[in-house]
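Participant: Have a look at this prediction, sequence included:
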Amino acid sequence: MIGAAPESAAEAETAPDTETGTETAPDTETDTETGTETETETETETETETETETETASEPAGDTETDTASGPAPADTNTDTVPARGARTPNPRHDDAGQGTDSCGERTARTRWLFSAPIDLALFGGTAAVALLLVLAGPSTGSESPEWTWITGVLLVDVAHVWSTAFVVYLDPVERHRRPALYAITPVAAFGAGVSLYVAGEAVFWRALAYLAVFHFIRQQYGWVMMYRARHGERARIGRWLDGATIYATTLYPLIVWHTQLPRAFWWMKQDDFVTGLPVATATIAGWIYAALLAAYAARAMLAARRGPVAWGKHVVVATTAACWYVGIVATNADYAFTVTNVFIHGVPYLALVYLYARAAAREPRSRTGATARLIGRRRGLGVFLATLWAIAYLEELIWDRAIWHDRGWLFGAGIDVGRAATLIVPLLAVPQLTHYVLDGFLWRRRANPRLGRLL
């Protein structure tokens with residue numbers, strides 16, 4: 001991750017926050033973490049919005065495909081009835097919750113996915129499956145990881161996904177001009193906060209950054225679940241509570257176990273960045289709560305499946321989060337296992353989200369003149385998107401390694417002694433990560449981003 005020690009796993013990201021009809025997806029913290037979720041994310045928090053009986057949501061949260069970016073569905077051509085003056089015209093593809101419907105009013109299978117069934121299953125299920133297979137192929141103990149793990153997981157996924165936020169903020173003129181003060185002040189404030197923490201102590205800085213990253217990672221998974229609830233039209237309060245509690249438990253239980261077994265063979269940002277001394281009994285209690293929540297979630301899912309369509313997307317996110325976090329933290333004690341189960345399921349879906357959103361935005365008239373539209377608004381946009389991010393990620397890690405870590409001379413060259421300048425260099429290099437956390441909290445929240453509904 002950005003600024004992470006060479007052996008550490010990845011940093012935090014935001015999960016997007018979408019609001020569909022009466023239930024809004026949560027904010028990413030950052031609250032992305034991608035809550036980055038600093039309640040920014042992948043912190044997506046849902047809110048209920050009720051609409052009047054004479055007004056229905058006409059702005060669809062359309063599906064984004066790999067080949068075409070979707071916008072609003074075609075307007076109804078039936079002129080038998082004329083809507084009241086001032087009322088919005090209902091869209092035949094969307095019910096009152098903004099979800100797709102067929103002629104019988106049933107929610108279509110297509111709109112129950114965030115993008116599409118193949119894309120969603122590949123991003124969430126496929127990425128997790130690859131990560132777990134990689135665990136089987138590598139060491140289950142030890143603090144050493146093969147160099148390819150760091151290059152693919154940290155450099156090409158974790159660091160790259162942090163920089164991807166720029167495509168939908170700073171390189172998009174519409175978004176950049178919509179909140180110029182926020183986008184200008186956030187990096188400056190992040191640098192100031194980083195310097196203050198580093199002056200207070202290097203350990204203070206890395207501990208604060210580690211827990212912020214953890215929060216971001218947790219909130220992003222919560223955000224994906226809430227987005228799927230909105231897509232599936234789930235509104236029951238008990239269901240929302242159970243889904244939220246379960247996804248939190250899938251991440252918090254492994255973290256509690258981790259804290260009761262310090263030191264481990266791996267760390268989040270830098271060695272000794274977590275607080276020690278948590279009683280072992282805490283993990284035992286948390287384990288029983290975790291098991292009870294999983295059982296309740298599974299039972300409710302089976303009952304719901306008997307009454308209607310299965311929320312496959314949500315179940316895949318919950319299952320893969322539970323599997324990867326448990327295997328990477330509890331079942332193994334290896335930096336390698338933690339890295340591959342941590343960064344891939346966090347960064348890969350976020351990169352896809354940003355690319356598909358940015359590509360759709362690039363087709364809007366006011367965004368066509370921006371750098372994002374010029375870079376990815378073409379047939380080979382995905383290649384340019386990834387190549388740009390990887391080049392920037394390499395440059396950032398080059399500075400980290402030569403000035404601070406001095407760990408990969410074979411890849412970045414000989415290190416240099418920066419001395420006291422580290423007090424400014426380290427916080428400066430952490431600015432992209434901190435900015436990513438904060439901005440995701442605004443970008444992926446439907447209430448804060450009026451474009452979200454029509455671009456995804």
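Facilitator: Sure thing, it's come through. Numbers count the residues shown, from 1 in each chain.
Participant: which intervals of this structure have sub-threshold pLDDT?
Facilitator: Low-confidence segments of the chain (pLDDT under 70): 1-110.
Participant: now do 50
Facilitator: 1-107 (pLDDT under 50).
Participant: Where do the strands of it begin and end?
Facilitator: 19-20, 23-24, 141-142, 333-334 (DSSP state E).
Participant: Thr282 - how many residues pack around it?
Facilitator: 13 (other CB atoms under 10 Å). The C-beta positions use only the backbone N, C-alpha and C, and glycine is treated the same way.
Participant: Next, count neighbours for Leu197.
Facilitator: For Leu197, using other CB under 10 Å, the count is 20.
Participant: Contacts only, for it.
Facilitator: By CB atoms under 8 Å, 6 or more residues apart in numbering, Leu197 lies in contact with 204-205, 208-209, 427.
Participant: rerun that using 6 Å as the cut-off
Facilitator: Contacts for Leu197 (CB atoms under 6 Å, 6 or more residues apart in numbering) come out as 204-205, 208.
Participant: ok, now Val327?
Facilitator: 135, 341.
Participant: try Thr282
Facilitator: Ile256.
Participant: how near is it to Ala360?
Facilitator: 45 Å (CB to CB, to the nearest Å).
Participant: Narrow the contacts of Leu197 to just the buried residues.
Facilitator: Buried members of the contacts of Leu197, scored by 16 or more other CB atoms under 10 Å, are 205, 208.
Participant: now, which of the contacts of Leu197 sits nearest Asp407?
Facilitator: Nearest to Asp407 among these is Phe205, at 18.6 Å by CB to CB.
Participant: In this structure the closest one contacts Tyr198, no?
Facilitator: Yes: assessed by CB atoms under 6 Å, Phe205 is found in contact with Tyr198 at 4.4 Å.
Participant: since we're on Arg229, how many residues are nearby?
Facilitator: Count around Arg229 with other CB under 10 Å applied: 25.
Participant: typo on my end, it should be Leu424
Facilitator: 14.
Participant: just Val418 next, same as before
Facilitator: With other CB under 10 Å as criterion, Val418 counts 14.
Participant: From Leu356, how far off is it?
Facilitator: 39 Å.
Participant: what about stretch 266-284, how long is it end to end?
Facilitator: Counting by CA to CA, to the nearest Å, you get 22 Å between the two ends of stretch 266-284.
Participant: buried sites along that stretch?
Facilitator: Quick answer for stretch 266-284 (16+ other CB under 10 Å): 266-270, 273-274, 278, 283.
Participant: Report the two of those residues separated the most.
Facilitator: The farthest-apart pair in those, when distances are taken by CB to CB, is Lys270 and Ala283, at 23.3 Å.
Participant: I figured Trp206 hits Lys270, correct?
Facilitator: Yes: applying CB under 6 Å, one finds Trp206 in contact with Lys270, separated by 4.5 Å.
Participant: Touching, Pro187 and His436? I think so.
Facilitator: No: with contact defined as CB under 6 Å, Pro187 does not reach His436; the gap is 10.2 Å.
Participant: Let me see the ranges of the helices in the stretch 101-250 of the chain.
Facilitator: Per DSSP state H, counting those that start in this stretch, the stretch 101-250 of the chain carries helices over the ranges 117-120, 127-137, 147-149, 160-168, 173-178, 180-200, 202-232, 237-260.
Participant: Distance to Asp335 for those helices - can I get that in JSON lines?
Facilitator: Formatted as JSON lines, the helices of the stretch 101-250 of the chain follow (distance: least, CB to CB, whole Å):
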{"stretch": "helix 117-120", "distance to Asp335": "30"}
{"stretch": "helix 127-137", "distance to Asp335": "12"}
{"stretch": "helix 147-149", "distance to Asp335": "8"}
{"stretch": "helix 160-168", "distance to Asp335": "20"}
{"stretch": "helix 173-178", "distance to Asp335": "37"}
{"stretch": "helix 180-200", "distance to Asp335": "25"}
{"stretch": "helix 202-232", "distance to Asp335": "15"}
{"stretch": "helix 237-260", "distance to Asp335": "13"}
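Participant: what's the closest of those helices to Arg378?
Facilitator: That would be helix 160-168 among the helices of the stretch 101-250 of the chain, by CB to CB, at 14.0 Å.
Participant: From Leu434, how far out is Ala208?
Facilitator: Taking CB to CB, one finds Ala208 at 10 Å from Leu434.
Participant: actually Phe167, not the one I wrote
Facilitator: In terms of CB to CB, Phe167 sits 18 Å off from Leu434.
Participant: Burial check on Gly239, number of neighbours?
Facilitator: Gly239, neighbours per other CB under 10 Å, totals 16.
Participant: same question, Pro263
Facilitator: 11.
Participant: mind listing the helices for the stretch 251-400 of the chain?
Facilitator: 280-307, 312-325, 335-362, 371-376, 381-400.
Participant: Can you show me the CA trace of the fourth one as PDB?
Facilitator: In PDB, the C-alpha atoms belonging to helix 371-376 read as follows (Å, rounded to 0.1, in the frame of the first residue of the first chain):
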ATOM      1  CA  ALA A 371      -8.000  14.300 -19.100                       C
ATOM      2  CA  THR A 372      -9.900  11.300 -18.100                       C
ATOM      3  CA  ALA A 373     -12.000  11.300 -21.300                       C
ATOM      4  CA  ARG A 374      -8.800  11.700 -23.400                       C
ATOM      5  CA  LEU A 375      -7.100   8.800 -21.600                       C
ATOM      6  CA  ILE A 376      -9.800   6.200 -21.300                       C
END
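Participant: Flag every buried residue along it.
Facilitator: 371-373, 375-376.
Participant: Now do the end-to-end distance for stretch 155-170.
Facilitator: 22 Å.
Participant: List the contacts of that stretch.
Facilitator: So stretch 155-170 is in contact with 1-2, 10, 175-176, 183, 343, 347, 350-351, 354, 357-358, 372, 389-390, 392-393, 397, 432-433, 436, 439, going by CB under 6 Å, 6+ apart.
Participant: For stretch 250-270, measure first residue to last.
Facilitator: End-to-end distance of stretch 250-270 (CA to CA): 23 Å.
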